[in-house]
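In: Fold the stuff below for me.
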Amino acid sequence: MEVSNGMHDSDRWGGRAGAAVCRQSADNTLFASWAACFRSSGLYVPYQRWAQFLSDSSCRPPVMASREQLDVILAFDLDTVNNHSNHLRENGLIIYDAESIKHKFFGPQYLDIPFVKLTEEIGVDKIMANSVAVGAVLGVLGLGLDLFAETVRDAMGKKGEGVIASNVTAAQTGLDFVLRKRLRMKSFAVEKTQMRGHMLINGNQAVGLGTLMSGCKFYAAYPMTPSTGIMIYMASKAKKYGIVVEQAEDEIAAINMALGASFGGVRAMTGTSGGGFALMTEGVERGQPLT
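Out: Okay, here's the model as predicted:
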């Protein structure tokens, strides 16, 4: 992750669907906290979210897309190592838990850190192995936990102090492990800078923000990846901006609700997936302008 001299830093998280890497929330709270940590350090962070695969690219000059070559791969399962190691650049690093994925790799590009075992040692839920991993990576990069603790508190505030404290403790355990084993990589050091007035949002949040700015007052949808995040964002802003957000019983109902609102003179919108859109075709054929 060499960003100190204007170089890009591209890293990739990988794990099975429903595993630690993707289980925090629909918008992946922990990964969002990780990205916010880099953003608060003054780095540009374009990032994407997939069901099983996440990628982050940090750089001081403006960067508009992730690179194909990766500096760091954080692997929570064997498939991530097997499927993405060919994208690792020379001198890149794969961080993984050999005991968890039941396979040991040898070579200078592999760094084995016992994420799950460390959670057991400190008495927290195994799901927090991802927080241990984040702390370990921050340790490798020479970063502390101050920014991470702040972003976790912001993202998980509604979950209670116990959840926040456990995640921070888990991350501290990962960082301490790296420092104790002297695993910090100087060539991967991240230099902090000051940057103000920039937002860190994902694609669904950007769509939701544009929807708000367009004057939308009614949003109906049935939750299905990848559009669920739009509904969550709109619902979080509904009270403040006077928007009606309706979770419909299916996609057919969602588009017809939006059409009904549109016929009534209200700016309306729906969102769905490819499969969900197939169920909306009759509604689309009605011809009423609809987002």
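In: can you pull out the strands in the stretch 1-150 of the chain?
Out: Using DSSP state E, counting those that start in this stretch, the strands of the stretch 1-150 of the chain run over 9-14, 47-49, 53-58, 70-75, 88-96, 110-112.
In: Would you single out the least confident of these?
Out: Averaging pLDDT over each of those singles out strand 53-58 as the lowest, with a mean of 48.
In: Poorly predicted segments of this structure, please.
Out: Residue ranges of the chain with pLDDT under 70: 1-34, 36, 38-67, 183-198, 287-291.
In: Scan it for its longest helix.
Out: In the chain, assigned by DSSP state H, the helix with the most residues is helix 161-180.
In: and that one, what other elements does it pack with?
Out: Contacts defined by 3 or more Cβ pairs under 8 Å, 6 or more residues apart in numbering; DSSP states H and E place helix 161-180 against helix 115-122, helix 129-140, helix 146-156. Just so you know, the C-beta spots here come from the backbone N, C-alpha and C atoms, and that holds for glycine as well.
In: hmm, try it at 10 Å
Out: In terms of contacts (3 or more Cβ pairs under 10 Å, 6 or more residues apart in numbering; DSSP states H and E), helix 161-180 is packed against helix 29-40, helix 115-122, helix 129-140, helix 146-156.
In: can you tell me which of those comes nearest to residue 88?
Out: With Cβ to Cβ as the criterion, residue 88 lies closest to helix 129-140 of those, at 14.8 Å.
In: hang on, residue 215 is in a helix, isn't it?
Out: No: Residue 215 sits outside any helix when classified using DSSP: H, G, I helix; E, B strand; the rest coil, being coil.
In: need the contact list for it.
Out: Contact analysis of residue 215 by Cβ atoms under 10 Å, 6 or more residues apart in numbering lists 241, 243, 266-267.
In: now it: how far from residue 243?
Out: From residue 215 across to residue 243, the span is 10 Å (Cβ to Cβ, to the nearest Å).
In: what's around residue 273, how many residues?
Out: Residue 273 has 16 neighbours, counted by other Cβ atoms under 10 Å.
In: Tally up the residues packed near the closest residue to it other than its chain neighbours, please.
Out: Of all residues not flanking residue 273 in the chain, residue 224 sits nearest, at 4.5 Å (Cβ to Cβ, 6 or more residues apart in numbering). Counted by other Cβ under 10 Å, the residues lying close to residue 224 total 18.
In: Tell me if I'm right that residue 224 and residue 280 touch.
Out: No: counting by Cβ atoms under 10 Å, residue 224 sits too far from residue 280 to count as a contact (11.6 Å).
In: what is in contact with those two at once?
Out: Residues touching both residue 224 and residue 280 (Cβ under 10 Å, 6+ apart): 250-251, 254, 272.
In: Narrow the residues you listed to those in helices?
Out: Checking those against DSSP H, those in helices are 251, 254.
In: and the shared contacts of residue 224 and residue 280, which are buried?
Out: Buried members of the shared contacts of residue 224 and residue 280, scored by 16 or more other Cβ atoms under 10 Å, are 251, 254, 272.
In: which residues does the last one contact?
Out: Which is residue 272. 221-224, 226-228, 230, 251, 254-255, 278-280.
In: one more time with 6 Å
Out: Each residue near residue 272 by Cβ atoms under 6 Å, 6 or more residues apart in numbering is listed here: 227, 251.
In: That one and residue 227, how far apart?
Out: Taking Cβ to Cβ, one finds residue 272 at 5 Å from residue 227.
In: What of the second one?
Out: Counting by Cβ to Cβ, the separation of residue 254 from residue 227 is 10 Å.
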